[in-house]
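**Student:** coords please:
(one chain, ligands or ions: 1)
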Amino acid sequence: MHAKDAHGYFTFPKLEGEIGNKMIFRGKEMLIWSLNNYLGLANHPEVRKVDADASKEYGLATPMGARMMSGNSNLHEQLEAELSSFMKKEDTILLNYGYQGMVSAIDALVDRHDVIVYDAESHACIIDGLRLHMGKRFVYPHNDIESLQKQLERATALTENTNGSILVITEGVFGMSGDQGKLKDIVALKSEYDFRLFVDDAHGFGTMGKTGAGTGEEQGAQDGIDIYFGTFAKAMASIGAFISSTESVVEYLRYNMRSQIFAKSLPMPLVVGAMKRLELLRTQPELKANLWKIVNALQSSLKNAGFEIGNTQSPVTPVYLNGTIPEATNLILDLRENYAIFCSMVVYPVVPKGIIMLRLIPTAVHTLEDVDYTINAFSKILVNLKAGKYEGDKIVTA
Ligand SMILES: Cc1ncc(COP(=O)(O)O)c(C=O)c1O
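**Tutor:** Numbers count the residues shown, from 1 in each chain. Below is the predicted model of the structure:
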């Protein structure tokens, strides 16, 4: 209904200039808190050079065709081997896009005899994968391990009849609220129930764990993750994704994932670029240290200033406010026009009615001054919000 008025401001905004903590929005420089450029790799000089050199050397056409037919290369296989060794898994398959890869992996991994048990707050790519599943699927409330256990009991009874298996799917870091999936608790259930665990760690890969290998490493549960998904679109600031697992699962996926068999393989510059990013992620721990310096400063300052940030356990930083949708738009307008701060706004139906969620993504290229400036501005808009200054009966237009 409001698409036309919102277009370009609240929806489909255009951020221009070099990717970083400051970018240009509608001709004005703004402090940006909405890019998943966690490690600051998007504009890292070594990354930019490798991307440019690889594009010059290979163009965007190479290799031609699907991996299975004519689109394979030594470099694709080398990147897979490097990811396997980093993830401490036997084998890895590259995916062209994370979203499409998750959907397709779920489709490939189960058949009508199998049962999927999944977290209620799973990302759209998991939900869409479930839509392709011909067997039963049981949902459990977000991170509710007792309910998961009940669903595993139901699933066990059912698969005993169908001779099928159980696949549990959850996320490492939930991208809206920032809390972690309870991977360790889920893995512990393996002593009682027979299932495989598939984890979408889009936001955890590169940001969580001692080496950056993700939320499984963070929780000491990496070995219990049977199928690990990571994307290049967030901490790696590129395009593409991967699944790491046992040799037999990955080999099975190579011959059964429709999104990879029936689509052109990842262009060479993305493969070479991913290798460089992985090298930096492994060899420059200061990138992750910088990220966490900003994360910790931002989250503790928000809490100290009286903001509600929920239960985040990752860089994803939600700020929950109370207000209507018209208030949310007035507040964002104030934040952008008068404070030059750009962050994402999330309203009903993604969050309950009456809640405004501002979602901040700190990165390694933010500074402590950026944090202070933002806390100051947020404190002022909170006073305005509480005083009813953003009230209105319609969604504002910029
Ligand atoms: C949890 C999760 N899974 C998968 C994806 C999809 O990844 P990609 O951008 O590589 O398609 C995203 C990105 O939005 C995500 O947040």
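**Student:** which of the three states applies to residue 189?
**Tutor:** With DSSP: H, G, I helix; E, B strand; the rest coil as the basis, the three-state label of residue 189 is helix.
**Student:** next one, pLDDT for it please.
**Tutor:** Residue 189 carries a pLDDT score of 98 in this model.
**Student:** who touches it in this structure?
**Tutor:** 145, 148-149, 152, 195 (C-beta atoms under 8 Å, 6 or more residues apart in numbering). Every C-beta, even on glycine, is put in place using the N, C-alpha and C of the backbone.
**Student:** next, count neighbours for the residue in the chain that the ligand sits nearest to.
**Tutor:** Closest contact between the chain and the ligand, by C-beta to the nearest ligand atom, is at residue 98 (2.5 Å). By other C-beta atoms under 10 Å, 23 other residues sit near residue 98.
**Student:** then the one 3 residues further on?
**Tutor:** Close neighbours of residue 101, defined as other C-beta under 10 Å, add up to 25.
**Student:** begin at 33, not 1, for the rest of this chat.
**Tutor:** From this message on, residue numbering opens at 33, which makes the last subject residue 133.
**Student:** where does the spatially closest residue to it that is not a sequence neighbour fall, phi/psi-wise?
**Tutor:** Nearest residue to residue 133 in three dimensions, chain neighbours excluded: residue 127, at 3.0 Å (C-beta to C-beta, 6 or more residues apart in numbering). As for residue 127, its main-chain torsions (degrees, to the nearest 10) stand at phi -120, psi 150.
**Student:** and residue 395, how close does it get to residue 326?
**Tutor:** Here residue 395 is placed at a distance of 7 Å from residue 326 (C-beta to C-beta, to the nearest Å).
**Student:** ok, those two, which is more surrounded?
**Tutor:** Using other C-beta under 10 Å as the criterion, residue 395 and residue 326 rank with residue 395 on top: 28 against 23.
**Student:** just say helix, strand or coil for that one.
**Tutor:** Criterion first, three-state DSSP; result for residue 395: coil.
**Student:** contact residues of the stretch 83-232 of the chain facing the ligand?
**Tutor:** Neighbours of the ligand within the stretch 83-232 of the chain, by C-beta under 6 Å from any ligand atom: 129-131, 134, 155, 157, 203, 207, 232.
**Student:** tell me the most packed of those, by neighbour count.
**Tutor:** Of all those, the highest neighbour tally under other C-beta under 10 Å goes to residue 232, namely 33 neighbours.
**Student:** contacts only, for it.
**Tutor:** Listed by C-beta under 8 Å, 6+ apart, the contact set of residue 232 reads 134, 154-155, 157-158, 201-204, 261.
**Student:** can I get the residues of the stretch 83-232 of the chain next to the ligand in CSV including secondary structure and pLDDT?
**Tutor:** Compiled in CSV, these are given as follows (DSSP: H, G, I helix; E, B strand; the rest coil; pLDDT from 0 to 100):
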residue, secondary structure, pLDDT
129, coil, 95
130, helix, 97
131, helix, 98
134, helix, 98
155, coil, 97
157, helix, 98
203, strand, 98
207, coil, 96
232, strand, 98
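**Student:** out of those residues, what pair is the most spread apart?
**Tutor:** 129 and 203 (17.1 Å; C-beta to C-beta).
**Student:** which residues of the stretch 233-382 of the chain score low on pLDDT?
**Tutor:** Nowhere does the stretch 233-382 of the chain drop to pLDDT under 70.
**Student:** now the strands: where do they sit in it?
**Tutor:** Taking DSSP state E, counting those that start in this stretch as the test, the strands found in the stretch 233-382 of the chain are 259-263, 273-277, 349-354, 373-374, 376-378.
**Student:** want to throw the ones you listed into CSV with distance to residue 299?
**Tutor:** Shown next, in CSV, are the strands of the stretch 233-382 of the chain (distance: least, C-beta to C-beta, whole Å):
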stretch, distance to residue 299
strand 259-263, 16
strand 273-277, 14
strand 349-354, 33
strand 373-374, 30
strand 376-378, 29
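**Student:** I'd like the ones you listed as CSV, with distance to residue 290 and mean neighbour count appended.
**Tutor:** Converted to CSV, those look like this (distance: least, C-beta to C-beta, whole Å; neighbours: other C-beta atoms under 10 Å):
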stretch, distance to residue 290, mean neighbour count
strand 259-263, 16, 26
strand 273-277, 14, 27
strand 349-354, 35, 19
strand 373-374, 38, 22
strand 376-378, 32, 16
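**Student:** export those to a markdown table and tack on distance to the ligand?
**Tutor:** Conversion of the strands of the stretch 233-382 of the chain to a markdown table gives the following (distance: least, C-beta to the nearest ligand atom, whole Å):
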| stretch | distance to the ligand |
| --- | --- |
| strand 259-263 | 4 |
| strand 273-277 | 5 |
| strand 349-354 | 14 |
| strand 373-374 | 19 |
| strand 376-378 | 12 |
